[in-house]
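# below is the structure, and that's it, no one-letter string:
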């Protein structure tokens, strides 16, 4: 069974500081990995995804993530955080079944607070 | 365009009411999903429709009844809900089963 662990429940950073959100996954084959962001009361917005190929993936809003198979990790990074980045961040792993649809397994989320 | 729309945005219902949530996408996606999200928790998968056929049902109580009338529309019919069913209900779609899922803004449901 697939699983995702986000070790940090809550992270606080100052505006302009760098950010790294951790994600570890468990999956038997090559995973499909995603980072989503959710503002309060809103839906989930896709930041970036990894299916195959280059292990460093670029996303929207200046985010990037690196897939490290040896560490079963897919950490999200941003060099300089903006106040508008304050939100809940979810890492997710997906399995692809061509006929039945994909079951996304989410981590518990990391709440990001940005101090001025 | 990766827009999934959901109506209504908010819904308050009593335990004896019948109501429906609606989800729509015009991206030609062939897989659609319902998730339930409680406060401070990740989304939990409820149902998956693949090519308009129900392909995954995560042992959801029968008071939740999904329907996929066509490839663009997904409904969730609600009947005799309990207060613990109060949550944010999210719809998502993907081009094909297993592809990237795009989420709608959700319907905030309160059951009194």
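Looks like it arrived, so ask away. Every value quoted in this text rests on a predicted model; they were computed, and no experiment measured them. Residues are numbered from 1 along each chain as shown, chains lettered A, B, ... in the order given.
# what about the helices in the chain?
Picking chain A for this. Taking DSSP state H, chain A contains no helices at all.
# got a list of what residue 69 touches?
Just so you know, I chose chain A. Contacts for residue A:69 (CB atoms under 8 Å, 6 or more residues apart in numbering or on different chains) come out as residue A:55. Where C-beta positions appear, they are placed from N, C-alpha and C, glycine not excepted.
# not quite, I wanted chain B
By CB under 8 Å, 6+ apart, the residues touching residue B:69 are residue B:75.
# which parts of the helix or strand hosting it are buried?
Taking DSSP states H and E as the definition, residue B:69 sits inside strand B:64-70. By neighbour count with 16 or more other CB atoms under 10 Å in any protein chain shown, strand B:64-70 contains the buried residues B:64, B:66, B:68.
# what pairs with it, parallel or antiparallel?
Using DSSP bridges, the strands paired with strand B:64-70 are strand B:73-79 (antiparallel).
# for the record, mean pLDDT for the helix or strand following the strand it pairs with?
Next helix or strand after strand B:73-79 toward the C-terminus (DSSP H and E): strand B:87-94. Averaged across strand B:87-94, pLDDT comes to 96.
# what about the strands in chain A?
All strands of chain A, identified by DSSP state E, fall at A:3-5, A:10-14, A:19-21, A:24-26, A:32-38, A:44-50, A:56-58, A:64-68, A:73-78, A:87-95, A:103-106, A:110-115.
# how about the spatially most central residue of chain A: what's its closest non-neighbour residue?
Closest residue to the average C-alpha location of chain A: residue A:35 at 3.0 Å, with CA atoms, centre = their mean. Once flanking residues are discounted, residue A:35 sits nearest to residue A:47: 4.4 Å by CB to CB, 6 or more residues apart in numbering or on different chains.
# separation between the one you found and residue A:26?
Distance of residue A:47 to residue A:26, given as CB to CB, to the nearest Å: 21 Å.
# which one of those two has more residues nearby?
residue A:47 (22 against 13; other CB atoms under 10 Å in any protein chain shown).
# how close does the more buried one sit to residue B:30?
Between residue A:47 and residue B:30 the computed distance is 24 Å (CB to CB).
# sounds good, over and out.
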